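Novice: Just a sequence and a predicted model for now, questions to come.
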Amino acid sequence: MNHEAVSSVFFEESYVVPADQTARSLFSRLPHGRDYAEQLIECLATGYLVAVIESVCIREVQRLTDAEVEVVVGRSIRIDHLGPIPPGSPLRLRGWVERLSDRSITFRVRAHDAHEVVCEAVVTLVATSRQTIESRITAKIAALREPAP
């Protein structure tokens, strides 16, 4: 990871909320959400908001890493979903590196629509060895395939 370049990362990103990313749409696909999904609102689900923010932060760090050697993964996300975001709403996301350590990068992100700030988030990512994480995943998959005693 290029620490000097990462430390100066700032992004402004536009995102238009698709109709299939509402709370109602997401929860209707979850086994334990189907029964009440229709009672939910037709606004961007917090889970999708998290994914949008995390994906932009990861993209910014991946531009500055060697993808054959390192992979960028999420460590923690703290999010305040402050306002409803209906489908079709254009969002502006602004983010910057707030803290940088040897392997981790912490972003501060703010999203707003035409009316208000709708989200504030802190996202911490880790650039880790691709080989190490793939080995850990392989071990877990192998353990899942083993018959129970």
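Specialist: Received it, and whenever you're ready, just let me know what you need. Numbers count the residues shown, from 1 in each chain.
Novice: Every contact and neighbour count from this point should use C-alpha atoms.
Specialist: OK.
Novice: Show the backbone phi and psi for the most centrally placed residue in the chain.
Specialist: Note on the chain: the residue nearest the mean C-alpha position is E54, at 2.2 Å, using CA atoms, centre = their mean. Per-residue torsions, E54: phi -60, psi -40 (degrees, to the nearest 10).
Novice: ok, how many other residues are close to D35?
Specialist: The number of residues packed around D35, counting by other CA atoms under 10 Å, is 11.
Novice: quick revisit: contacts only, for the residue nearest to the centre of the chain.
Specialist: Residues in contact with E54 (CA atoms under 8 Å, 6 or more residues apart in numbering) are 74, 123.
Novice: ok, it to V109 distance?
Specialist: 10 Å (CA to CA, to the nearest Å).
Novice: Now for the two: what residues contact both?
Specialist: Taking CA under 8 Å, 6+ apart as the contact rule, E54 and V109 both touch V123.
Novice: Could you find the closest non-adjacent residue to H81?
Specialist: In this structure, H81 finds its nearest non-sequential neighbour in C119, 4.7 Å apart by CA to CA, 6 or more residues apart in numbering.
Novice: sorry, that was for V61
Specialist: Per CA to CA, 6+ apart, closest to V61 is V6, 6.6 Å.
Novice: Pretty sure the one you found sits against L64.
Specialist: Yes: V6 lies in contact with L64 (CA atoms under 8 Å); the separation is 6.8 Å.
Novice: Between the two, point out the one with more neighbours.
Specialist: Each of V6 and L64 has its neighbours counted (other CA under 10 Å); V6 has more, 20 against 15.
Novice: Just to be sure, that one is in a strand?
Specialist: No: read with DSSP: H, G, I helix; E, B strand; the rest coil, V6 is helix and lies in no strand.
Novice: Sweet, I'm off.
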